[in-house]
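> sharing a model that was predicted from the sequence below.
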Amino acid sequence: MEATEAKLSIKTNELKELQEVVNKINQAQLEVGQIETRKHMLLHSLATVQDELKAIQDKLEAEYGKVSINIQDGTYEPIKEDEQQANT
């Protein structure tokens, strides 16, 4: 019969300290993952809203031509030809 070897262990307080730090790292990594997931969802949502804005802009351009619209009060003025070229 073989003699069982004694297991070597660090002190209880050292183990507790080590476990606390590892748990903090794991929690931080989990939170980063959640933030990245939320970021992805927000970027997707932003792209969708930008597509909606483009559709509205195209619709307004079809109705009013190339104009600059004040989004505060709805007034607009035609965009001059040289302004159009400067913006492209």
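Perfect, thanks for sending it.
> from here on, contacts and neighbour counts on C-alpha atoms
OK.
> and the residue nearest the centre of the protein?
residue 39 (2.4 Å; Cα atoms, centre = their mean).
> which stretches of the chain aren't confidently modelled?
For the chain, the stretches with pLDDT under 70 are 1-3, 83-88.
> and the strands in it?
67-69, 76-78 (DSSP state E).
> pull the longest helix from this structure.
Across the chain, the helix with the greatest residue count (assigned by DSSP state H) is helix 12-64.
> ok, back up a step: figure out which of the strands of the chain is closest to residue 21.
Of all the strands of the chain, it is strand 67-69 that lies closest to residue 21, at 55.8 Å by Cα to Cα.
> give me the buried positions along the closest one.
residue 67 (16 or more other Cα atoms under 10 Å).
> how far does that strand sit from its chain's centre?
30 Å (Cα atoms, centre = their mean, to the nearest Å).
> stretch 26-35 too?
Worked out by Cα atoms, centre = their mean, stretch 26-35 lies 15 Å from the chain centre.
> now stretch 31-39
Relative to the chain's own centre, stretch 31-39 is displaced by 8 Å; criterion: Cα atoms, centre = their mean.
> who are the packing partners of the longest helix of the chain?
Packing partners of helix 12-64 (3 or more Cα pairs under 8 Å, 6 or more residues apart in numbering; DSSP states H and E): none among the helices and strands.
> rewinding a little: okay if I get the strands of the chain as a markdown table plus distance to residue 44?
Putting those into a markdown table (distance: least, Cα to Cα, whole Å) gives the following:
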| stretch | distance to residue 44 |
| --- | --- |
| strand 67-69 | 27 |
| strand 76-78 | 31 |
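> near residue 44, how many other residues are there?
Around residue 44 sit 12 other residues, with neighbours defined as other Cα atoms under 10 Å.
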